[in-house]
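S.K.: Could you work out the structure for the sequence below:
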Amino acid sequence: MSKAPRAAREERLVPHPRETLDLVGHAAAEQTLLAAYKSGRVPHAWLIGGPAGIGKATLVYRFARFVLAHPDPASPAVQAATSLALPSDHPVVRRVAADTEGALLALERTPGEKSETVRTVITVDQVRETVGFFGATATGGGWRICVVDAAEELKYPEGANALLKILEEPPRRALLLLVSHSPGRLLPTIRSRCRMLALRPLSAPEVAAAAASA
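M.R.: As a prediction, this is how the structure comes out:
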């Protein structure tokens, strides 16, 4: 499981998105994800696009936590849900925040092998981790979820092509959640295999609310 760079964690002024429970300004997008999951026909891959810093990854992890906590879309809890929120003391919330959730794999830039300097790309070896990850059987027949943050940071072309292979032959009960600041920079073949969900920029009051929450 990929870990967030230590230097980046130390310098970060706000929590990592996997630690953030409050979602500001994207209620419509949240309802789109919730409705798709309730339908039982949720797309295997989502591309969440929009400007940097507006909460795309926060929404992605919120969705991932909800799915892992409620593996059956037809369950009464899912059908009665009005948002993707989970209580802060839920076991899935705690595991995701601690980066110890075995059914969740995060692909993000990491420090180099001999340095704490963060790599400029998500390497092809990181992407290849998804083969073993998705090949393992999820506990209790649940989901396995891979978050790619951000998709345009995949090493080109090797990393992008490795991810494309997963998108072309998605495993059963697998979700790939791609965060992108510039979806137009991605391979058209990657975009075509994902359901696109574009997030709007936050208003000034929403920015203030998000800052206060952080």
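
S.K.: and the helix ranked longest in the chain, C-alpha only, in PDB?
M.R.: Counting residues, the longest helix in the chain under DSSP state H turns out to be helix 56-69. C-alpha atoms of helix 56-69 as PDB (Å, rounded to 0.1, in the frame of the first residue of the first chain):
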ATOM      1  CA  LYS A  56     -11.700  16.100  -5.500                       C
ATOM      2  CA  ALA A  57      -9.600  13.600  -3.400                       C
ATOM      3  CA  THR A  58     -11.800  14.300  -0.300                       C
ATOM      4  CA  LEU A  59     -14.800  13.200  -2.300                       C
ATOM      5  CA  VAL A  60     -13.100  10.200  -3.700                       C
ATOM      6  CA  TYR A  61     -12.000   8.900  -0.200                       C
ATOM      7  CA  ARG A  62     -15.500   9.700   1.100                       C
ATOM      8  CA  PHE A  63     -17.000   7.400  -1.600                       C
ATOM      9  CA  ALA A  64     -14.400   4.700  -1.000                       C
ATOM     10  CA  ARG A  65     -15.100   4.700   2.700                       C
ATOM     11  CA  PHE A  66     -18.800   4.400   2.100                       C
ATOM     12  CA  VAL A  67     -18.500   1.500  -0.300                       C
ATOM     13  CA  LEU A  68     -16.100  -0.400   2.000                       C
ATOM     14  CA  ALA A  69     -18.400   0.100   4.900                       C
END
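
S.K.: Can you give the distance of that helix from its chain's centre?
M.R.: For helix 56-69, the separation from the chain centroid amounts to 7 Å (computed by CA atoms, centre = their mean, to the nearest Å).

S.K.: which outside residues touch that helix?
M.R.: 17-18, 20-23, 26, 29-30, 33-34, 37, 46, 48-50, 81, 84-86, 90, 92-93, 96, 101, 103-104, 142-143, 145, 147, 149, 175, 177, 179-181, 199 (CB atoms under 8 Å, 6 or more residues apart in numbering). (Each C-beta comes from the backbone N, C-alpha and C, glycine too.)

S.K.: Show me what secondary structure element comes after that helix.
M.R.: Counting by DSSP states H and E, the next helix or strand C-terminal to helix 56-69 is helix 76-80.

S.K.: Against which helices or strands is that following helix packed?
M.R.: Packed against helix 76-80 by the contact rule (3 or more CB pairs under 8 Å, 6 or more residues apart in numbering; DSSP states H and E) you find helix 27-38.

S.K.: Can you spell out which helices and strands pack onto the helix it packs on?
M.R.: Taking 3+ CB pairs under 8 Å, 6+ apart as the contact cut, helix 27-38 packs with helix 56-69, helix 76-80, strand 195-198.

S.K.: okay if I get these as CSV plus mean neighbour count, mean pLDDT and distance to Gln126?
M.R.: Below are these laid out as CSV (neighbours: other CB atoms under 10 Å; pLDDT from 0 to 100; distance: least, CB to CB, whole Å):
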stretch, mean neighbour count, mean pLDDT, distance to Gln126
helix 56-69, 24, 98, 17
helix 76-80, 11, 98, 31
strand 195-198, 16, 97, 23
